[in-house]
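**Q** From the sequence below, what's the structure:
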Amino acid sequence: MWAVVDLVRRHWMFWLLLAGGLALRVIAQIAYEPALLFIDSKKYIFGTDFTETIWGAFDPLGYSLLILRPALMSGLNLAYVAVLQHVLGMAMAGALYALMLRRGVYRWLAALAVAPVLLDAYQLNAEQTIMPDVLFEALLVAGIVLFLWQPRPGLFLVIPGGLALGASAPVRQVGEALIAPALIYVVFAAQGWRKQVLHGAVLTACFALPIVGYMSYSAVVMHYGFELSNMGNAYLYGRAAHAADCATLKIPANERPLCPSASVSAALGVDGLVNASGAPRVLYEPVNVQLGVPIDTNSWQKALAYSVLKQQPMRVAGDIAGDSVKIFALTRNTVQGDTLISRWQFQFGYPYYPPGITRHGPSSANRVFAAAAGGGHARVQWKADTALRYYQLHGGYTPGPVFLIGLLAGIGGIFTFRRRRDSGPALACLLITGCAVAVLLGADLYEFSWRYQLPALVTLPVAGAFGVIALVRVVRARRQGRLAVRAVGANAGVAGRAATAGRAPTAGRAPTAGRAPTAGPGALAEPAEPAEPAELVDELDGPVDELAVAGSEQAGVLALWRPRTATRMSACSPPAWSTRTTGCGCAGTRSNDATAPAVPTRSWRNVTSRWSYPPRTTASTWSRSSATRSGGAPGRSRRAAGRTGRRASPRSWPGSSSRRRQGSAPASWSGSGTCTPRTASAARPGTTSWPPGSSRGRRNARPRSRTCARPGCPGSGSRR
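**A** Model (predicted):
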């Protein structure tokens with residue numbers, strides 16, 4: 001019970017939006033029963049019946065094969081299909097929200113990113129209509145979630161993700177363009193060229209499998225040919241004819257009647273030039289005088305389209321660009337020539353689209369419902385449909401600037417990608433933004449319709465959320481890097497001044513009780529503790545990129561970026577500073593020679609808060625003149641002295657109760673100021689002998705192999 005209450009409390013914004021989306025869907029289901037029909041709905045309901053119609057050749061019928069036929073064969077009417085589509089809409093929002101939380105997006109930002117798909121009235125209209133748009137969105141979201149569920153997807157995610165995206169092409173042909181962003185993402189996400197080649201080949205095969213399967217079904221069973229659709233050339237002609245300047249176009253005389261004037265082109269638009277009864281391709285009916293039969297002008301239309309592309313490519317590109325930016329408009333309006341947006345708006349009363357869907361006659365909505373497993377007559381609840389129409393026309397849609405912000409943020413997140421560090425948000429932006437551009441721009445290549453802009457609801461806001469996270473992490477990492485550089489530089493300056501004055505730097509900290517005092521001018525001073533930079537690693541809602549910081553006796557130097565791991569500076573004796581792999585010299589030596597012990601560095605990760613320490617005892621045993629301790633620095637607890645690669649208690653560091661305090665080097669401290677290794681008889685080179693008094697020594701008496709981190713220092717490497 002309390003777990004449920006805590007879940008609701010932490011995700012209250014998402015649950016509130018989900019409740020609003022559920023209420024709107026219940027109202028839509030009550031308002032228009034059993035479902036809404038569109039001009040093309042009959043094509044999907046009866047298109048697979050190849051003995052009576054040729055509708056299946058116009059567009060791919062994956063929607064019929066995956067949703068309609070199974071539902072109708074099981075005895076369910078079209079009302080249940082509409083309910084299923086509403087469930088898919090809410091499931092898409094839940095899956096995207098869970099994905100964003102898993103990948104480190106803030107809860108409030110993730111909830112805002114899924115608000116469009118839950119509350120947009122045009123999405124509700126599409127879910128209530130017997131059309132393939134919702135299934136296409138669901139397959140697109142399924143592919144994105146599968147690919148991004150892990151930062152580096154394995155084959156167990158690449159295979160179903162490729163199948164999901166590939167299955168979207170038989171639903172809407174524009175899904176063929178999704179292979180490009182998916183393939184780029186898989187290649188960049190894989191590590192190593194062998195894995196890149198393997199994942200790319202598997203993705204291509206899985207993506208092509210549903211497409212080839214449907215084309216084979218279309219050729220063998222439905223007898224429509226080995227293709228997804230036969231309308232590609234028709235829409236290519238419509239786009240080219242709409243953009244063409246026929247006065248300057250050089251084409252044969254038999255193709256001239258197919259080129260419309262500027263006024264006709266503006267009035268009909270791309271869709272009208274293809275489907276309207278007054279289009280030139282419909283009115284132009286040449287006749288073969290020798291045979292006395294009409295001539296098929298499809299080949300002439302294709303030739304005209306290619307002539308426009310070759311002679312006037314900039315006009316075609318400008319026409320496509322003009323359509324592609326319409327989605328960013330503040331309001332949902334249509335200009336002359338565009339497909340009417342009223343087709344995707346809730347109406348007062350049940351909508352009809354003659355001659356395809358009429359009130360009476362053989363094409364009436366009631367006859368369609370009767371032929372499709374019943375469901376009753378087309379009916380409307382007038383209060384519910386009035387409320388939905390008022391909601392849709394008065395702000396119940398996603399404004400265009402929201403899509404623009406999401407697109408820009410997604411593109412900005414892509415440019416934060418760096419191969420050498422964790423770039424999960426950048427790769428997520430690459431996949432989601434690429435899918436959005438491929439689907440939206442692919443549809444605009446042929447014609448603009450507000451129906452074809454629906455995939456933006458499930459892609460661009462989510463891409464914007466990942467982009468914001470990627471940009472925020474980069475800004476924070478740079479700010480923390482500057483703070484770290486200043487802190488290391490200040491410590492280096494303190495060390496230099498202390499060395500010049502002939503004393504060891506203490507960074508303002510008193511010597512820890514229990515340590516042997518420094519004896520004489522030749523004795524080695526206690527190691528200095530560098531000042532702590534303020535919040536070197538900031539906690540985020542996921543894995544972040546951290547810094548590896550190194551110093552020198554002259555100035556602080558920022559080392560290379562390393563993924564997920566940051567290395568802190570050790571408290572070496574002045575004036576020698578070094579990183580974990582180079583070791584550090586003792587007092588009186590200014591170089592890191594081969595006999596120097598390993599530096600007791602510490603590393604942590606943002607997510608697991610794991611602390612690791614170098615071995616306390618290697619092939620050499622180090623001693624201090626006043627107090628000899630095998631396997632650790634003076635003052636260190638026995639348990640922490642034998643721990644490596646595990647999380648130590650805050651008391652492990654001498655003289656400090658904080659985990660971020662530095663310890664002293666496990667070196668031999670002698671009055672001469674030199675590091676003198678004393679070979680242990682019980683240890684072999686390249687192995688570590690744990691101190692008998694340590695917990696590790698008690699649990700594991702068998703020596704563990706170590707790797708020397710630098711040449712000439714047997715067994716002195718630190719385990720990473």
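
**Q** Quick check: phi and psi on the nearest residue to N288 once chain neighbours are set aside?
**A** For N288, ignoring the flanking residues on the chain, the nearest one in space by C-beta to C-beta, 6 or more residues apart in numbering is I295 at 5.4 Å. Any C-beta I mention is one placed from the backbone N, CA and C, and that applies to glycine too. Torsion angles at I295 (phi, psi; degrees, to the nearest 10) stand at phi -100, psi 130.

**Q** isn't I295 right next to P286, touching?
**A** Yes - applying C-beta atoms under 8 Å as the test, I295 and P286 come out as touching, 4.5 Å apart.

**Q** After the helix or strand that Q196 is a member of, which helix or strand is next?
**A** Secondary structure assignment for Q196, by DSSP states H and E: helix 193-220. Moving toward the C-terminus from helix 193-220, the next helix or strand (DSSP H and E) is helix 232-243.

**Q** so what does the top helix by length along the chain touch, helix or strand wise?
**A** Longest helix in the chain, counting residues (DSSP state H): helix 460-501. Applying 3 or more C-beta pairs under 8 Å, 6 or more residues apart in numbering; DSSP states H and E, we find helix 460-501 packed against helix 78-102, helix 107-119, helix 400-414, helix 424-444, strand 546-551, strand 556-562.

**Q** what's the closest of the ones you listed to R482?
**A** strand 556-562 (8.8 Å; C-beta to C-beta).

**Q** Which parts of the protein are strands?
**A** Counting by DSSP state E, the segments of the chain that form strands are 32-33, 287-288, 293-294, 379-380, 546-551, 556-562, 566-567, 603-604, 620-621, 678-679, 687-688, 704-705.

**Q** pLDDT weak spots in the chain?
**A** For the chain, applying pLDDT under 70 flags the ranges 50-57, 419-422, 494-496, 498-720.

**Q** Domain ranges for it, per the record?
**A** 1-131+354-396, 135-228, 232-322 (automatic domain parsing).

**Q** Tabulate those in TSV, adding columns for distance to R482 and mean neighbour count.
**A** Output for these, formatted as TSV (distance: least, C-beta to C-beta, whole Å; neighbours: other C-beta atoms under 10 Å):
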stretch	distance to R482	mean neighbour count
domain 1-131+354-396	23	18
domain 135-228	27	19
domain 232-322	41	16
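
**Q** Reformat the ones you listed as CSV; add distance to Y452.
**A** As requested, those are exported to CSV (distance: least, C-beta to C-beta, whole Å):
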stretch, distance to Y452
domain 1-131+354-396, 11
domain 135-228, 8
domain 232-322, 11
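
**Q** nearest to R497, of these?
**A** domain 1-131+354-396 (42.5 Å).

**Q** that older thread, compare the domains of the chain and report which one is nearest to F415.
**A** Relative to F415, the nearest member of the domains of the chain by C-beta to C-beta is domain 135-228, separated by 13.3 Å.

**Q** for the closest one, how far is the first residue from the last?
**A** 17 Å (C-alpha to C-alpha, to the nearest Å).

**Q** cool, and stretch 443-459?
**A** By C-alpha to C-alpha, the extent of stretch 443-459 from end to end equals 15 Å.

**Q** got it, and stretch 123-135?
**A** Start-to-end, stretch 123-135 (C-alpha to C-alpha) is 12 Å.

**Q** Please apply the same query to stretch 242-250.
**A** By C-alpha to C-alpha, one end of stretch 242-250 lies 16 Å from the other end.

**Q** What residues does the residue lying closest to Q392 once chain neighbours are set aside make contact with?
**A** Leaving aside its chain neighbours, Q392 sits nearest to A121 (3.6 Å; criterion: C-beta to C-beta, 6+ apart). By C-beta atoms under 8 Å, 6 or more residues apart in numbering, the residues touching A121 are L24, Q345, F346, L388, Y391, Q392, G396, Y397.

**Q** Quick one: residues in contact with stretch 253-262.
**A** By C-beta under 8 Å, 6+ apart, stretch 253-262 touches 237, 241-242, 244-246, 249, 251, 268, 273, 279-281, 284, 286, 297, 300-301, 303-304, 307.
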